[in-house]
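Chemist: Pasting the sequence and the predicted coordinates here, then a few questions.
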Amino acid sequence: MAIQVNRRIRFATELEHARTKRRMRIKPGRERSERGWFWQSSRESTGRVAVACGWKTIFGSRMRGIRNFARIRMILGWRVPPAKRDKDLTTPATNVNPTSSLDPRLIDKILAAVREVEIIAMACEVINIQSPTGEELQMAEYMRGAFQQVGLNVTWQELEEGRANVVGRWTGTGDGKNLMFNGHMDTSNTGREEFLTGIGYKPHAVVKDGAIYGLGIYNMKGALVCYTQALKALQRAGVKLKGDVIIAAVAGEIEKTQWGEYQGREYRGYGYGTHYLVNHGVLPDMCILGEPTDMHVVLEHFGSMWVRISCTGIYVHTAFCEGREEMNSIRRMHKLMETIMQWSAAWETKAAHGGKKAVVNLGGIRGGHAWRASRTPEKTDVFLDVRVPPTIPMSEARRDIQAVFLDLEKKHPDWGLEFETYVSVPGARVSQEHPMIRAIDASHERVMGQRPEREVVTWCSDASVLSRYGIETVNYGPSSGPRDAEGEKVHIKTLVDITKIYALIAAELCGAQ
């Protein structure tokens, strides 16, 4: 018979439970016990505990006063004669993951300390702060205030005018490992794009159908919210840590770079903030990036290499191009593209890794003058994004496509061909045997009921930067499927669940006391 235990069990446990070192053995699926009673624990999201008894209900109208309290004492193992103690009570509960070193009672206390209403409120606040790449200052100021409210030691890193990283550190006793939660404040889009009309593409929070919509909630302000709320839960639960927990809110992660006439802070991304972070002394033992992975553990991701191939042609008036059409740079590039696309298809198969193709995106092409179509274009450029698995050095990938260019140059020596690589961000990987991965597995299973899936992805993250500094890094974060026509969204339950998981991970890795 299952009953909800609220005030009565709290009253009993507060009396002398700290004195006992015994733990309950949970025996699921049994209605009666040959010893007369047992506990069956089913921890719900509310933190309440359901208790089932064999012979009769321990709490009920038939039992009052001292008899009731005596049975509570017997169940909890307080000063019970040895003959009456169940030996099974000294073994761990079967539904507690053996890979976790945390006391089950502490786990329940941490989970109960997570506040959904605070998660929703903070998520809406960060969405309403517009922070495209190059304009992260207001968001950084907000995060500084949030860190100060939690009682973290705050470091302000000014990158350039209008941009900053902000770092919050919860300092431990000094004899444990240090964990960093890292998240970027800049958003994938600016919120000003006229062709992106969905509510999730705008910097205005909307709560609808159990989800929060708005620019940045998916990538990756939602993770910053969860990091902060996880630390608040640990503090509410009275947890003390041996190691430090760091939250780094960084600028300039989004995949963009300066090139040609596109200069300025709005183009300085691709790990810009995290490079500054680690170059200036923030060096934890390990890091979790809450990129939108749908709560999958991303052990590996591809790198990215951006390539420009150009050709030249004549610049003449339309009236004088007759007979010289093939000297038009756009026509020349059209011929080159056949070879380039053949190489792309071969590379996608040749460099495939982890069940994913090494995708090559034709990211841009430009030539000529829209405002003066009466002239032939003197130059045409094509831009490629080549995805490179973490198993292939970036220099090797560059040589591979450069070899194609050199062959084209030999065939067309008078076409003025040019070759340039202007982004080279390597892939990243982390061992499945790292303690951080085991902690994620145990914490995820504790909250979600099963272990998380593994995934290899072709997108990049700041793990590319961090891993080069010897900081073991994994991507594991909240999302609710890919973006759709409505834009970015994350279910509220997902945010709450991963906040709980982050809190347990930090407690596990940083030595909760």
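Modeler: Structure received.
Chemist: dump the residue contacts of the closest residue to H301 other than its chain neighbours.
Modeler: In space, and not counting its chain neighbours, H301 is closest to V457: 4.8 Å by CB to CB, 6 or more residues apart in numbering. C-beta: built from backbone N, CA, C; applies to glycine. By CB atoms under 8 Å, 6 or more residues apart in numbering, the residues touching V457 are T293, V298, E300, H301, F302, K356, N475.
Chemist: Of those residues, which is the nearest to R163?
Modeler: N475 (23.6 Å; CB to CB).
Chemist: Please work out how many residues are found near the residue nearest to that closest one when sequence neighbours are not counted.
Modeler: Counting by CB to CB, 6+ apart, N475 lies nearest to V298, which is 3.8 Å off, once chain neighbours are set aside. Residues lying near V298 (other CB atoms under 10 Å) number 25.
Chemist: ok but V298 is inside a strand, no?
Modeler: Yes: according to DSSP: H, G, I helix; E, B strand; the rest coil, V298 belongs to a strand.
Chemist: in the sheet, who's paired with W156?
Modeler: Listed by DSSP bridges, the beta-bridge partners for W156 are V166.
Chemist: now G364
Modeler: Bridge pairing for G364 - DSSP bridges - gives F383.
Chemist: Tell me if I'm right that it and Y422 touch.
Modeler: No: taking contacts as CB atoms under 8 Å, G364 lies outside contact range of Y422: 11.9 Å.
Chemist: picking up where we left off before, of the contacts of V457, keep whichever come out buried.
Modeler: T293, V298, E300, H301, F302, K356, N475 (16 or more other CB atoms under 10 Å).
Chemist: and the residue lying closest to the third one once chain neighbours are set aside, how many neighbours does it have?
Modeler: Right, the one you point to is E300. Among residues not flanking E300 along the chain, R429 sits closest, at 4.1 Å (CB to CB, 6+ apart). Around R429 sit 20 other residues, with neighbours defined as other CB under 10 Å.
Chemist: which residues does R429 contact?
Modeler: With CB under 8 Å, 6+ apart, R429 has these contacts: L299, E300, H301, P390, S467.
Chemist: Let me know the closest of the residues you listed to A251.
Modeler: S467 (19.9 Å).
Chemist: so that closest one touches T473, yeah?
Modeler: Yes: applying CB under 8 Å as the test, S467 and T473 come out as touching, 5.5 Å apart.
Chemist: Which of the two has more residues huddled nearby?
Modeler: T473 (26 against 19).
Chemist: Provide the contact partners of the strand or helix carrying that one at residue level.
Modeler: Here T473, judged by DSSP states H and E, is contained in strand 472-475. Residues from elsewhere that reach strand 472-475 (CB under 8 Å, 6+ apart): 182, 285-291, 293, 297-299, 301, 428, 430-431, 434, 436-437, 440, 457, 461-463, 466-467.
Chemist: Excluding covalently adjacent residues, which one is nearest to M327?
Modeler: Looking at M327 with CB to CB, 6+ apart, the closest residue is I314, at 4.6 Å.
Chemist: Phi and psi next, for the one you found.
Modeler: phi -90, psi 160 (degrees, to the nearest 10).
Chemist: That one is in contact with K379, isn't it?
Modeler: No: the criterion here is CB under 8 Å, and I314 misses it with K379 at 10.7 Å.
Chemist: Please say which of the two ends up with more neighbours.
Modeler: Set I314 next to K379 and count neighbours by other CB under 10 Å: K379 wins out with 17 against 14.
Chemist: Now do the contacts for that one.
Modeler: With the criterion set at CB under 8 Å, 6+ apart, K379 makes contact with S310, C311, T312, G313, S329, G367, G416.
Chemist: at 7 Å what do you get?
Modeler: Residues counted as contacts of K379 (CB atoms under 7 Å, 6 or more residues apart in numbering) are S310, T312, S329, G367.
Chemist: swap in L234?
Modeler: Contacts of L234 by CB under 7 Å, 6+ apart are I110, A503, A506, A507.
Chemist: Ignoring the adjacent residues along the chain, who's closest to N182?
Modeler: Nearest one to N182, counting by CB to CB, 6+ apart, is A248 at 4.6 Å.
Chemist: burial count for that neighbour?
Modeler: For A248, using other CB under 10 Å, the count is 29.
Chemist: Same check on R192?
Modeler: 11.
Chemist: cool, A373 as well?
Modeler: Residues near A373, counting by other CB under 10 Å: 10.
Chemist: quick check: domain ranges of the protein?
Modeler: 2-95, 124-302+430-509, 303-425 (automatic domain parsing).
Chemist: Looking at those domains, spot the one closest to S101.
Modeler: domain 124-302+430-509 (6.4 Å).
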